[in-house]
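> pasting the sequence and the predicted model now:
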Protein chains: 2
Amino acid sequence: LMLRSGLCRMLVAGAYSYLPLGLRVLNNIENIVRQEMNAVSASELLLPALQPLELWQKSGRDKELGEVMIRFVDRRGRNLCLGPTHEEVITDLAKNHIFSYRQLPLVLYQIQTKFRDEIRPRFGLVRACEFIMKDAYSFDRDSAGLDKNYQAMLAAYQKIFLRCGLKVSVIEADSGVMGGKVSHEFVVPVEGSEDLEIGHVFKLETKYSSLLGANFLDTDGKEKPIMMGCYGIGVSRLIAAIIEQNHDAAGIIWPDEISPFKVLVLPLDVTDAKIMDSASEVYARLQSKNIETLLDDRDERAGVKFKDADLLGISLQLIIGKEFLKNGNLELKLRHSGEKIIKEKESMIQEIARICHG
Amino acid sequence: LMLRSGLCRMLVAGAYSYLPLGLRVLNNIENIVRQEMNAVSASELLLPALQPLELWQKSGRDKELGEVMIRFVDRRGRNLCLGPTHEEVITDLAKNHIFSYRQLPLVLYQIQTKFRDEIRPRFGLVRACEFIMKDAYSFDRDSAGLDKNYQAMLAAYQKIFLRCGLKVSVIEADSGVMGGKVSHEFVVPVEGSEDLEIGHVFKLETKYSSLLGANFLDTDGKEKPIMMGCYGIGVSRLIAAIIEQNHDAAGIIWPDEISPFKVLVLPLDVTDAKIMDSASEVYARLQSKNIETLLDDRDERAGVKFKDADLLGISLQLIIGKEFLKNGNLELKLRHSGEKIIKEKESMIQEIARICHG
């Protein structure tokens, strides 16, 4: 459905282009994630994808990650890699910026592109080699602080997935290559397959701070390693999960906050001046009311337009066709319920504003 | 200044982390670029950094770019590279989506991370190996259409640089490895050095569409290669240029639209409850008026706070200190002019709202 509806296009297996509609969906998801992260006082930053291999040698994970990590030697002879994740880089940053208990607790996050040389389809799906992730990191004095941040993050994740129209399960998980003892996974049930993982949180404790020397001076005057947690969401992977849980036989049914546009205006005959004038006017007036609107001005048959509109899944379809020519009425179809509302132009614009702005 | 003021941190030569303040500056610049691109009807998309080398072999640029392009063979044995630019990828996309003159003109753009293995400092400055670029591409039927888009883009660039507080020169340039005949560069004069390039536009004409077979069916029923232009802005490089042109001996002076926050609240004695209560209240009330505000609640001497505030360059500094304890007055310092305004709390909040929202 993602490919058929023109959201994305595969450039090479594992790397996708986001076309304008897909990018709007991605931005809507990123904004939800951003709002919920800011609500738990996390500060956003942006770390580079290029990383010195040396950092990974210090943590010992250069061996653990093996060939999943893309590595190369640059022209200056430096051993570099593309970040499959950022624990080492953020711990190095903490080491250079956090000195005292007075700077703790602190939560940092980024929405950034990761690179992994994935060879096997896992859970029956090809995992992407380049994908966008939200990764957050908490820094605390002690395990009580870590526990508080961990719980706050679990609650924030529930809000994010709810706003994305997703039903998720939380399961206790193996912390694997990340280290630490406590870990939870957010999974989405996928038809005829194992569950498609969209979030994973870990109590890293002092694994990375000890290995990389990220210490702080505590109230008792002693130097201690910072207590850390890490919290990931596969942002680009969320799109697939949202579609998986929000579609019918005809296509996608976007949750309101995710829909790439709020309204799709469908003039059924673009050669009819009366219809097109009205479509352009309604389009401009909805836009001026800050209602994101898309106009399907393709010269296609009504049947094709209806089919594509259902496939694309924009919440509201505003139809301008025969009923308009005959009685001056516009038809509003709610993609979610299939319900139809018929009104003349002015009342319809008010009705749409009411639905979108409440 | 970028490093001293805590905007960025070097992870490894050529790759920088954006700390929270630096990321806010970057987002402000990206939003200006986005608004001006959308204003000339360009549609945003997002292309991957990972690219198949095969595409570059088709255009012949795999040899031209040489070692600047980071290449590797993945575990599936595929020859991949990290995009130093995206002409090949966008032309391949156009080839698969543009069929008829009715789909033209079209302008697409992205704000995305590029990778280049730069070995030499050019113009006396080390160029980044990982950096954020806005790259736009225009698609037209003929050279008249290309000329129109090219001129519109030149005008949009002037608006972007003006809003970024930059004085730029436009010079006719060598199109170099990009190909095409006409090219212009936007340069910023840099003290004691050659000019630091921040934008470059090229009439590519049919170079890439011919090599990669991106054709369209014209009105005369003939298949023709699409006429293309490409338009780049070094988004992350803009930050350095803005600082270069907007600073004094004490530090940065951010242009209004770029400032990471609008107001910096400076309680001069954080151990004084009366000062801190007032600072917290003013902070909350400015935030609730959608005025982005930062509170310097560090336990530092007034001298240190003033020095750091000037270094950081936020447009408005709101000082709560002795004058507040004595007469109940707050002091507003305008970083740009050094001008000071003294008012009691309520009038001061109104004054700041007037300055920020006009």
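Yep, that arrived. Note that this is a predicted model, so its numbers are computed, not measured. Residues are numbered from 1 along each chain as shown, chains lettered A, B, ... in the order given.
> need the residues of the stretch 251-358 of chain A near chain B, please.
With Cβ under 8 Å from any Cβ of the partner chain as the criterion, the stretch 251-358 of chain A meets chain B at residues residue A:299. To be clear about C-beta, it is placed using only N, CA and C from the backbone, and glycine gets the same treatment.
> can you give me the pLDDT of whichever residue of the stretch 251-358 of chain A sits closest to chain B?
Using Cβ to the nearest Cβ, the single residue of the stretch 251-358 of chain A nearest to chain B is residue A:299, 7.9 Å away. pLDDT recorded at residue A:299 is 91.
> I figured it was touching residue A:267, is that so?
No - between residue A:299 and residue A:267 there is no contact under Cβ atoms under 8 Å: 10.1 Å.
> tell me the buried residues in stretch A:176-187?
Judged by neighbour count (16 or more other Cβ atoms under 10 Å in any protein chain shown), stretch A:176-187 contains these buried residues: A:178, A:179, A:180, A:182, A:183, A:184, A:185, A:186, A:187.
> filter these down to the ones in strands?
Among the buried residues of stretch A:176-187, the members falling in strands (DSSP state E) are A:183, A:184, A:185, A:186, A:187.
> now residue A:318: closest residue in space that isn't a chain neighbour?
Of all residues not flanking residue A:318 in the chain, residue A:265 sits nearest, at 4.9 Å (Cβ to Cβ, 6 or more residues apart in numbering or on different chains).
> who's that neighbour bridged to?
Taking DSSP bridges as the rule, residue A:265 bridges to residue A:295, residue A:318.
> around it, how many other residues sit close by?
23 (other Cβ atoms under 10 Å in any protein chain shown).
> quick check, pLDDT for it.
At residue A:265, pLDDT is 98.
> ditto for residue A:126
45.
> residue A:123 now?
Note for residue A:123: predicted pLDDT of 38.
> residue ranges in chain A under the pLDDT threshold?
Low-confidence segments of chain A (pLDDT under 70): A:120-127, A:191-194.
> rerun that using 90 as the cut-off
Along chain A, segments meeting pLDDT under 90 span A:1-6, A:10-14, A:76, A:118-128, A:173-181, A:189-197, A:236-237, A:357-358.
> okay, the helix or strand harbouring residue A:333 in CSV with CA atoms only?
Assigned by DSSP states H and E, residue A:333 belongs to strand A:329-334. This file holds the C-alpha atoms of strand A:329-334, laid out as CSV (Å, rounded to 0.1, in the frame of the first residue of the first chain):
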residue,chain,number,x,y,z
ASN,A,329,-24.4,20.8,-3.5
LEU,A,330,-21.0,19.4,-2.4
GLU,A,331,-20.6,15.9,-1.1
LEU,A,332,-18.2,15.1,1.9
LYS,A,333,-17.2,11.5,2.3
LEU,A,334,-15.5,10.5,5.6
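> neighbouring contacts of whichever helix or strand comes after that strand?
Counting by DSSP H and E, the next helix or strand C-terminal to strand A:329-334 is strand A:340-344. For strand A:340-344, the external contacting residues (Cβ atoms under 8 Å, 6 or more residues apart in numbering or on different chains) are A:323, A:328, A:329, A:330, A:331, A:332, A:333, A:334, A:348, A:351.
> now the angle from strand A:340-344 to strand A:329-334?
Put simply, strand A:340-344 runs at 150 degrees to strand A:329-334, going by axes from the mean of the first three to the mean of the last three Cα atoms, to 10 degrees.
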